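Asker: Model the structure of this input:
(3 chains)
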Amino acid sequence: MGMATDSAIKDAAPKSPWPKNAWYVACTPDEIAEKPLGRTICGERMVFFRSGDGAPAALEDFCPHRGAPLSLGFQREGRLVCGYHGLVVDCRGKAAEMPGQKVGGFPASRHFATIERYGFIWVWPGDPETADPSKLHHLEWAESPEWAYGGGYYHIACDYRLMIDNLMDLTHETYVHAASIGQKEIDEAPVRTRADDHEVVTSRYMDGVKAPPFWQMALRGAGLPEDSTVDRWQVCRFSLPSHVMIEVGVALAGQGGYEAPDEAKASSIVVDFITPETETSHHYFWGMARRFAVDDHALTHTIREGQGKIFSEDLDMLERQQANLLRWPERRLLKLNIDAGGVRSRMMIERTIAAEIAAEGESPLVEEPISGV
Amino acid sequence: MGMATDSAIKDAAPKSPWPKNAWYVACTPDEIAEKPLGRTICGERMVFFRSGDGAPAALEDFCPHRGAPLSLGFQREGRLVCGYHGLVVDCRGKAAEMPGQKVGGFPASRHFATIERYGFIWVWPGDPETADPSKLHHLEWAESPEWAYGGGYYHIACDYRLMIDNLMDLTHETYVHAASIGQKEIDEAPVRTRADDHEVVTSRYMDGVKAPPFWQMALRGAGLPEDSTVDRWQVCRFSLPSHVMIEVGVALAGQGGYEAPDEAKASSIVVDFITPETETSHHYFWGMARRFAVDDHALTHTIREGQGKIFSEDLDMLERQQANLLRWPERRLLKLNIDAGGVRSRMMIERTIAAEIAAEGESPLVEEPISGV
Amino acid sequence: MGMATDSAIKDAAPKSPWPKNAWYVACTPDEIAEKPLGRTICGERMVFFRSGDGAPAALEDFCPHRGAPLSLGFQREGRLVCGYHGLVVDCRGKAAEMPGQKVGGFPASRHFATIERYGFIWVWPGDPETADPSKLHHLEWAESPEWAYGGGYYHIACDYRLMIDNLMDLTHETYVHAASIGQKEIDEAPVRTRADDHEVVTSRYMDGVKAPPFWQMALRGAGLPEDSTVDRWQVCRFSLPSHVMIEVGVALAGQGGYEAPDEAKASSIVVDFITPETETSHHYFWGMARRFAVDDHALTHTIREGQGKIFSEDLDMLERQQANLLRWPERRLLKLNIDAGGVRSRMMIERTIAAEIAAEGESPLVEEPISGV
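Answerer: Just a heads-up that it's a prediction; the model follows:
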């Protein structure tokens, strides 16, 4: 009997290390402007393109005729034409036509729900019937003219949760980003973490410090003296499935810090959409939304360059951390107070995955976390 | 007892996805002019070189002394000298001499039967005792002065049968080769496939069409007006083990098409020798034999450049199709009328493999086709 | 019962193909001058750095906090600071401090014994408690002002024992190094191999020969006529765990050869420290120590360039030999008289490994040699 149970567990589908029924950033509109885009999201190989009404569409990247990737084809009148033998599929994956063929009996390609909003194409890797646009977070900074935004993309060869850990513990700035945003006072300031049903928040306040180089640039951009003593803050907010928005800023010392009036501070939101690709890789859409000098496009460019350079400093560390964790899979890592943000974010992810499995009528399995936590 | 049977099946040698007892193109003579050539053919790592009488020879690429690749050695007086410690082997793999050693008791290296003909070195990967030169196809175009030939080589990371599929269904020209040989009428013209014991033939005739760019060039080369309305044809002939010869051409409209007199047409044979390397890669020897302007070497060069460019367009599609099929191994692909040429060619290959196994006294196993068909 | 035995054998820890309790060259001092060095030695991922008193130190390259490689960190006051979140570890792997944290309960990182001597950092990959500095060989040429030394480093993708074979059978010089140190007489001269408890010695003497190009250069460097007829010798000495020192030289013919007075010969020691990385790769520290023109730094440079070029000729052969052996793991290779040096060196290694296992209270397993010998 024990055997049967073991066997049943072994036969169960492996649990994915990410929620499936959630909105993830898949790409930016420019990536599908000219031709289809092939990209793996949450382990699913997908092709993205524009449908007849201009809305984005996503299908499995596999032509039912001979298995060619549909992403090697082209968009025509809002449908996707396979680049090998010309099978045409519509935005729901239904075979629409093929030269010299009756396609009525062709199997449909699997499709995924998509939304275009806030300057991104979002995809729901799970069952499209359950895709709920109302579950997409509201992003004030992406819609309001009071904000300016600039950002970029990196492909990173590590578990997406290692990136969440990274962003929910900014202690690393002192070490990884010593020359730009790191400063000794980060280490020394206490960190507080709290969580509710919707988010995990880790915050740190550093009063009366000197601004590091990146923030000196921001002060200049905001028309403030760059060598002022400032109050600095970092408020990291994790929300499902894997977004981290970090409110960061500096205010002239004694003006209220985080609460200071706009004219006495330079503040922004570090935007991080972290989309799993495979169990050991992810797509990283990073950016910065700011509320000062919003019409200064040169500043937007300068900030993006600076942020891109800073974030690239994390790449090597994260990928080699991943390699180390794969090499020593049995090691238990430490969970310090500074790690609480990441730990509680992972717990929220785990609960969500368990709930998805329960909803599918399967009993949740205990997962061995990939990253060794 | 059931266990014993299962075990017996498991212990049986895995069935190769290619006939072993057949002639495959191994290389061109220039590839062994200066030094030995190491190349894997049908899963066997071989070294090719010239023996004492100038005839080609092929051995397993493994020195019995210390396992060094013999292909890193050199040819001397028609024998192969290992480049590590100087063991000399003859064209049958027999150890001939070694400085300071008596080699009488040395194990022989496995050898393979070879033939040089038609401008190629051919190899028989199976038992050399069964190698039968009379089984080599007669290639009229390679011997007659009425023909000119030019060709090249590509290494392609896909199952050789995906290339056979590709060549036995030229519908793909409209999509993959839109700028050179593709045209809408290919899709629209009906295709006919027939098979006998020796070959599979898929043919398509397009009357009264405009010649696409490649054929305009050929018309010019043949001294015919390039903007003429033409009758175009494609006759794809598969023969064992994996050759595809495609008769292609255009004739001035109404002059008889395929049957038109030589002075009213530009016709040629697309030559495709497809040699398996591993289960997911092959050597592709492509070329074109033509019966017009045979002394125009500049034209030979121009055609080879054009054909090389066209065939390179297939590489990415085929390699990514292979990757997709490996990712979704359980998918059944569609077999449409346009696929009949490939499907029937694969059936002929399967029957040949089964016959080889039967001849070896083993029971044929049902193979899971690599390509998912 | 047989089943139980089999099972027990399978469950036993895999035997390493190298002695663990021995001194291996890990790196040269310049490699840790600026920052820590990450390097895998005998299957252990290590980080090397300078401790507080300037002595070298080696730890497992894994931060106990979040698994980052410590080699991405930096040295500060003789301790290692993790480059991710700032955990500081000392030279024994003990957590020393971390901003805002009490580290008393942190697990220590594994450490390895190291010594700096003879211009190298040496590491003992086994239990540091057993590390015995007296087991480090005495290297006269590295300490005496009568000798000059120059050398370099290669990473080679083959079992370290294939390099030992290579160096203990210089017959390969005739083939691999035909243009520099190879000559026909090497093949023709008989080779003698003897072994005692401490070393395996293979020697070859060639009297009355012409010096090959490398030795002509050495004769010039030694102030001797480069076109003289010479007596040449090669005495290869293997010692545990994997060092090969080769006494090589040429003397004016008839002056006593190996025993000739210094002014009539150019002699040197080819130095080879062969440090296993993985089962199929190693670190190769090569060099040449000479007793002539020891103050001629330009000559040192010229010799190093020449030796580096010669040794690079072995790389391709060794790596492709390794690939062949992995492909044909069941093949038994030949053991000729010229192979006796390598064969006996491997036997000494095997005995040492067996003794280590016996000392650990485990029964020695019969190993399948990686290289097929």
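
Asker: in the stretch 251-373 of chain A, which spans are helices?
Answerer: For the stretch 251-373 of chain A, the helices defined by DSSP state H, counting those that start in this stretch occupy A:297-327, A:340-359.

Asker: quick one, which of the ones you listed is nearest to A:Met168?
Answerer: Proximity to A:Met168 (Cβ to Cβ) singles out helix A:340-359 among the helices of the stretch 251-373 of chain A, at 3.1 Å. Yep, even glycine has a C-beta here, placed from its N, CA and C like the rest.

Asker: could the helices of the stretch 251-373 of chain A go into TSV alongside mean neighbour count and mean pLDDT?
Answerer: Below are the helices of the stretch 251-373 of chain A laid out as TSV (neighbours: other Cβ atoms under 10 Å in any protein chain shown; pLDDT from 0 to 100):
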stretch	mean neighbour count	mean pLDDT
helix A:297-327	18	94
helix A:340-359	18	95
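
Asker: and of these, who's closest to B:Tyr84?
Answerer: Closest to B:Tyr84 of those is helix A:297-327 (Cβ to Cβ; 34.2 Å).

Asker: My read is that A:Thr300 contacts A:Gly150, right?
Answerer: Yes. A:Thr300 lies in contact with A:Gly150 (Cβ atoms under 8 Å); the separation is 4.3 Å.

Asker: shared neighbours of the two, anything?
Answerer: The contact sets of A:Thr300 and A:Gly150 do not overlap (Cβ atoms under 8 Å, 6 or more residues apart in numbering or on different chains).

Asker: for A:Ser109, what are its contacts?
Answerer: Contacts of A:Ser109 by Cβ under 8 Å, 6+ apart are A:Leu59, A:Glu60, A:Phe62, A:Cys63, A:Pro64, A:Leu70, A:Val89, A:Gly93.

Asker: and of these, the nearest to chain C?
Answerer: Closest to chain C out of the contacts of A:Ser109 is A:Phe62 (33.0 Å), distances taken as Cβ to the nearest Cβ.

Asker: List the contacts of the residue nearest to the closest one when sequence neighbours are not counted.
Answerer: Nearest non-adjacent residue to A:Phe62, counting by Cβ to Cβ, 6 or more residues apart in numbering or on different chains: B:Asn324, 5.5 Å away. By Cβ under 8 Å, 6+ apart, B:Asn324 lies in contact with A:Arg45, A:Asp61, A:Phe62, A:Gly67, A:Ala68, A:Pro69.

Asker: How about the residues of the stretch 201-350 of chain A by chain C?
Answerer: A:316-317, A:320-321, A:323-325, A:327-328, A:331, A:333-334, A:336-339 (Cβ under 8 Å from any Cβ of the partner chain).

Asker: Which of those sits closest to chain B?
Answerer: For these, the nearest to chain B is A:Ala323 (23.7 Å; Cβ to the nearest Cβ).

Asker: So in chain A, which strand runs the longest?
Answerer: The strand that spans the most residues within chain A, counting by DSSP state E, is strand A:265-278.

Asker: Show me which residues of it are buried.
Answerer: A:265-277 (16 or more other Cβ atoms under 10 Å in any protein chain shown).

Asker: Show me what that strand pairs with in its sheet, parallel or antiparallel.
Answerer: The pairing partners recorded for strand A:265-278 under DSSP bridges are strand A:243-252 (antiparallel), strand A:281-290 (antiparallel).

Asker: I'd like the ones you listed written out as JSON lines, with distance to A:Ile349 and mean pLDDT added.
Answerer: Shown next, in JSON lines, are the strands paired with strand A:265-278 (distance: least, Cβ to Cβ, whole Å; pLDDT from 0 to 100):
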{"stretch": "strand A:243-252", "distance to A:Ile349": "12", "mean pLDDT": "96"}
{"stretch": "strand A:281-290", "distance to A:Ile349": "13", "mean pLDDT": "97"}
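
Asker: what kind of secondary structure is A:Glu31 in?
Answerer: Classification of A:Glu31 by DSSP: H, G, I helix; E, B strand; the rest coil places it in helix.

Asker: Next, work out how far apart it and C:Val250 are.
Answerer: Separation of A:Glu31 from C:Val250 (Cβ to Cβ, to the nearest Å) stands at 67 Å.

Asker: Mind checking which of those two has more residues around it?
Answerer: The residue with more neighbours, out of A:Glu31 and C:Val250, is C:Val250; 29 against 15, by other Cβ atoms under 10 Å in any protein chain shown.
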